[in-house]
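J.: predicted coordinates and the sequence they were generated for:
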Amino acid sequence: MSHTVLDSVAMAYQPVWNRRRLLAAVRLSVSPVHPGAVDAAHLMQLLGDDWPVAAPVLILTLRSPELLHQALGCKPVPNTWLEVPASLFNQPESLALLSVATRRGHQLLRHAALSELRGEVIAPLDARSLLSLDAEEAFEALQARPTEGQPVPSARTPILPGHLYQNVCSRSLADHCLDEAGAWGLLGWPDDDVLHAWRARPMGCDAVVIAMIRQAIDNDSSLDQLERFVRQDPVLCYRLLSYLNSAAFGGRHEVGSLRHALMMLGFSALDSWLGQQLAGSDSDSALHPVRYAQVMRSRLAQHLLESGSEEALRAEVYTTALFAQLDRLLHQPLAALLGRLPLSGRVADALVRHSGPYFPLLDIARAQGDVEHLHLLPGICEQHEMSLEQANRALLRMLSTSRDHGLVPAKQPSQG
């Protein structure tokens, strides 16, 4: 049986967030399933053909020494970094190989423990690094934060500027790395700790998204553009659909999509309703990675549909995936939240009963965002009768168009 390159690897992604709490890069882990059928040159060529410069930086993590060795000898892909184990920088023979790769144009990202770099003055080949923090280093970094009662830190931070960091599990540590220590970005985001601050009350709508939508209305923007902005905030989407199903709007109305909801409400009424939502809204930038990660997964579920699928179907799949974590944001059971919406039963089937036509799309999208269990992806795809090639192509399409405009003026179009 022959396999294509994309049918011979499992792929999963992790977002990287910058100081503005926007998507700066995506780490794409690639694990060979049929090693003999994988050729790094073909894989790099495929990425080079499809990866736009305007997309986030692509950090390519090849989970095979042979595949990585091949990739280092290939023509570099624009806007792409190759992740390389720190051990290869410590051996003369492999360091020479890396030196040739950098002269060829490859951008290398050294993956190391922070402890390995303590005391380093100049990085070999001037490489940027992805650094892992241990518990002691995290505590030391937090001790270096100034406080109201102690403006002078009690310790010097171990965080080195200009690098990427992983295993950052608290908001305080994330703030220190990005705002005070000059980190380039964080791999992953401390969602649980950020959301802990909202444990006593439901999350509000995103004030920035509200401003973007209202500005778009003032600019007589198209319905398509308004819909893209609304889809950036799961809480705003939920409250809008709930309003259309409330007595204030005349009772239950069957709504097939957000576009349908916007058309029913009208731009003038939408602007008025958004003005009312401002009172309970929030502008905490730390929530943007939480929301946009859900947007990325929703877009991935949508891309997993067969090409040529009807727009109404694509829109409903997107909305279904966007509501998958509403219970974490609004602190109510998901079944109760969905019961208040005028959506089809297919949405509840997928989210509550884990069944129906949409659940396979959500399950595969979830698995492609779970790097720690990447080995399970082939089995999950097989269970849902979807090829790895279809899943991987959908993932690459989603990532290559994930231009995060979350904190810029609304006159620029947002992906969604």
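T.: Looks like it arrived, so ask away. Numbering: from 1, shown residues only.

J.: can you give me the strands for the stretch 51-200 of the chain?
T.: Listed in chain order, the strands of the stretch 51-200 of the chain (DSSP state E, counting those that start in this stretch) span 57-62, 80-85, 107-113, 128-132, 164-166, 185-187.

J.: rebuild the ones you listed as JSON lines, extending it with mean neighbour count, distance to Ser355 and mean pLDDT.
T.: Bear in mind the C-beta positions are built from the backbone N, C-alpha and C, glycine included. Listed next are the strands of the stretch 51-200 of the chain as JSON lines, based on neighbours: other Cβ atoms under 10 Å; distance: least, Cβ to Cβ, whole Å; pLDDT from 0 to 100:
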{"stretch": "strand 57-62", "mean neighbour count": "22", "distance to Ser355": "34", "mean pLDDT": "96"}
{"stretch": "strand 80-85", "mean neighbour count": "21", "distance to Ser355": "38", "mean pLDDT": "96"}
{"stretch": "strand 107-113", "mean neighbour count": "20", "distance to Ser355": "40", "mean pLDDT": "96"}
{"stretch": "strand 128-132", "mean neighbour count": "22", "distance to Ser355": "39", "mean pLDDT": "96"}
{"stretch": "strand 164-166", "mean neighbour count": "23", "distance to Ser355": "35", "mean pLDDT": "98"}
{"stretch": "strand 185-187", "mean neighbour count": "22", "distance to Ser355": "34", "mean pLDDT": "98"}
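
J.: out of those, which is closest to Arg328?
T.: When those are compared by Cβ to Cβ, strand 185-187 sits nearest Arg328, at 19.9 Å.

J.: okay, the strands of the stretch 51-200 of the chain in a markdown table with distance to Thr320 next?
T.: Below are those laid out as a markdown table (distance: least, Cβ to Cβ, whole Å):
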| stretch | distance to Thr320 |
| --- | --- |
| strand 57-62 | 28 |
| strand 80-85 | 32 |
| strand 107-113 | 35 |
| strand 128-132 | 33 |
| strand 164-166 | 30 |
| strand 185-187 | 28 |
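
J.: and the residue lying closest to Gln70 once chain neighbours are set aside, how far from Leu67?
T.: Ranked by Cβ to Cβ, 6 or more residues apart in numbering and with sequence neighbours excluded, the top spatial neighbour of Gln70 is Ala40, at 3.4 Å. Remark: distance between Ala40 and Leu67 (Cβ to Cβ, to the nearest Å) = 5 Å.

J.: which residues do these two both contact?
T.: Common neighbours of Ala40 and Leu67, counting by Cβ atoms under 8 Å, 6 or more residues apart in numbering, are absent.

J.: could I get the full set of helices for the stretch 1-150 of the chain?
T.: 40-50, 65-72, 92-104, 114-117, 135-143 (DSSP state H, counting those that start in this stretch).

J.: one step back: could you tell me the model confidence score at the residue nearest to Gln70?
T.: pLDDT recorded at Ala40 is 90.

J.: can you get me a residue count around the closest residue to Val77 other than its chain neighbours?
T.: Leaving aside its chain neighbours, Val77 sits nearest to Gly48 (4.4 Å; criterion: Cβ to Cβ, 6+ apart). Under the neighbour criterion other Cβ atoms under 10 Å, Gly48 is assigned a count of 15.

J.: the residue nearest to Gln70 and Cys74 touch, don't they?
T.: Yes. Between Ala40 and Cys74 there is a contact at 5.8 Å, judged by Cβ atoms under 8 Å.

J.: in stretch 376-395, which residues are buried?
T.: Of the residues in stretch 376-395, 377-378, 380-381, 386, 388-395 count as buried by neighbour count, 16 or more other Cβ atoms under 10 Å.

J.: in JSON lines, list these along with distance to Asp284 and secondary structure.
T.: Formatted as JSON lines, the buried residues of stretch 376-395 follow (distance: Cβ to Cβ, whole Å; DSSP: H, G, I helix; E, B strand; the rest coil):
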{"residue": "Leu377", "distance to Asp284": "33", "secondary structure": "helix"}
{"residue": "Pro378", "distance to Asp284": "39", "secondary structure": "helix"}
{"residue": "Ile380", "distance to Asp284": "34", "secondary structure": "helix"}
{"residue": "Cys381", "distance to Asp284": "37", "secondary structure": "helix"}
{"residue": "Met386", "distance to Asp284": "37", "secondary structure": "coil"}
{"residue": "Leu388", "distance to Asp284": "38", "secondary structure": "helix"}
{"residue": "Glu389", "distance to Asp284": "40", "secondary structure": "helix"}
{"residue": "Gln390", "distance to Asp284": "37", "secondary structure": "helix"}
{"residue": "Ala391", "distance to Asp284": "34", "secondary structure": "helix"}
{"residue": "Asn392", "distance to Asp284": "35", "secondary structure": "helix"}
{"residue": "Arg393", "distance to Asp284": "35", "secondary structure": "helix"}
{"residue": "Ala394", "distance to Asp284": "31", "secondary structure": "helix"}
{"residue": "Leu395", "distance to Asp284": "29", "secondary structure": "helix"}
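
J.: return the member of the residues you listed nearest to Asp179.
T.: Nearest to Asp179 among the buried residues of stretch 376-395, with distances taken as Cβ to Cβ, is Leu395, at 31.2 Å.

J.: spit out the contact partners of that closest one.
T.: Contacts of Leu395 (Cβ under 8 Å, 6+ apart): 11, 13, 28, 300, 303, 368.

J.: now tabulate the buried residues of stretch 376-395 in a markdown table and tack on pLDDT.
T.: Formatted as a markdown table, these follow (pLDDT from 0 to 100):
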| residue | pLDDT |
| --- | --- |
| Leu377 | 98 |
| Pro378 | 97 |
| Ile380 | 98 |
| Cys381 | 98 |
| Met386 | 97 |
| Leu388 | 96 |
| Glu389 | 95 |
| Gln390 | 96 |
| Ala391 | 97 |
| Asn392 | 96 |
| Arg393 | 95 |
| Ala394 | 96 |
| Leu395 | 97 |
